[in-house]
Each structure stands twice: as structure tokens, then as C-alpha cells.
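Participant: build me a structure from this.
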Amino acid sequence: MSEKNQYRNRIELLQGTLDMLVLQTLQWGPQHGYGIVQALRLRSGEVLQVETGSLYPALHRLERQGWVRSEWKQSESKQRARYYRITANGKKQLASDLSKWERIVDAIGSIMHGRPEESET
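Facilitator: Alright, predicted model coming up:
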């Protein structure tokens, strides 16, 4: 597949959506960056391909907000890796983000699948 076609097939995430997805992934347990990328890719049926150039700024942003904490540990492959875990404040933020996301999905669904209103005359 050419690079141009590969780019066309990507789904661009709405601003803030990556943060919500990372928090959701960390709900399943502490994880290092590569593990987060893999979880998002596998759970999305290979649709979401998060680049490290997007992931690590998001993780740093979430850590600054106090929504995740990190610590250095040894990975399964015996390499040193930074593991991230969601905090209590991160769980609250995730619940808020999920509520907003569900409203957006419902609103877009109403527009895309609704019947056109009769025009006023």
C-alpha cells in the first residue's frame, strides 16, 4: 500500500479523543507506551494506529494534569520501561469525557441518520 493511500485510510481522532482512549486503556491496568499503542490497535480491530509522536505528548499532558502517574519498571522483555497508571482524578476525568463523547456520538448519529426536516414555506 502506498504511503498516500495509507494516509487516506487513517481515521483522524477528534481533539481530546486520544487522551480519553489512553485513559480507558489504563483502566485495564498499568501499561508502558508500546503496550498502550498495541492495546488501542488491537481493541480497535486494527483501525486506530497511534504514532509515538502523538502518544508520548498525550501521556506527558495527562501526567501534568494529574490524571496518570508513571514509574520506571522492567518490561516483559527485561528492558527498562516507563509504566503509566490512571489516578483517581484520571478516572473522574474519563467518566466526564465518556459522557461528552456519548453525547457527541448521539448528536452526529441524529444528523447522519435522521430525516430531513420539512422546509418552512
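Participant: for the rest of this, base every contact and every neighbour count on C-alpha atoms.
Facilitator: OK.
Participant: residues near residue 62, how many?
Facilitator: Residues lying near residue 62 (other C-alpha atoms under 10 Å) number 20.
Participant: ok, it touching residue 68?
Facilitator: Yes - Residue 62 is in contact with residue 68 according to C-alpha atoms under 8 Å; the separation is 5.7 Å.
Participant: what residues sit buried inside the longest helix belonging to the chain?
Facilitator: Ordering each helix of the chain by length in residues (DSSP state H) puts helix 88-113 first. For helix 88-113, burial by neighbour count (16 or more other C-alpha atoms under 10 Å) applies to 90-91, 93-94, 97-98.
Participant: can I get these in TSV with pLDDT?
Facilitator: As requested, the buried residues of helix 88-113 are exported to TSV (pLDDT from 0 to 100):
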residue	pLDDT
90	98
91	98
93	97
94	97
97	94
98	94
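Participant: which among the residues you listed gets closest to residue 33?
Facilitator: residue 90 (17.0 Å; C-alpha to C-alpha).
Participant: before we move on, back to that, and the longest helix of the chain, what other elements does it pack with?
Facilitator: On a contact count with 3 or more C-alpha pairs under 8 Å, 6 or more residues apart in numbering; DSSP states H and E, helix 88-113 meets helix 17-27.
Participant: the closest residue to residue 27 other than its chain neighbours: neighbouring residues, count only.
Facilitator: Among residues not flanking residue 27 along the chain, residue 86 sits closest, at 6.5 Å (C-alpha to C-alpha, 6 or more residues apart in numbering). The local packing of residue 86 (other C-alpha under 10 Å) involves 25 other residues.
Participant: is it true that residue 86 touches residue 26?
Facilitator: Yes - applying C-alpha under 8 Å as the test, residue 86 and residue 26 come out as touching, 5.6 Å apart.
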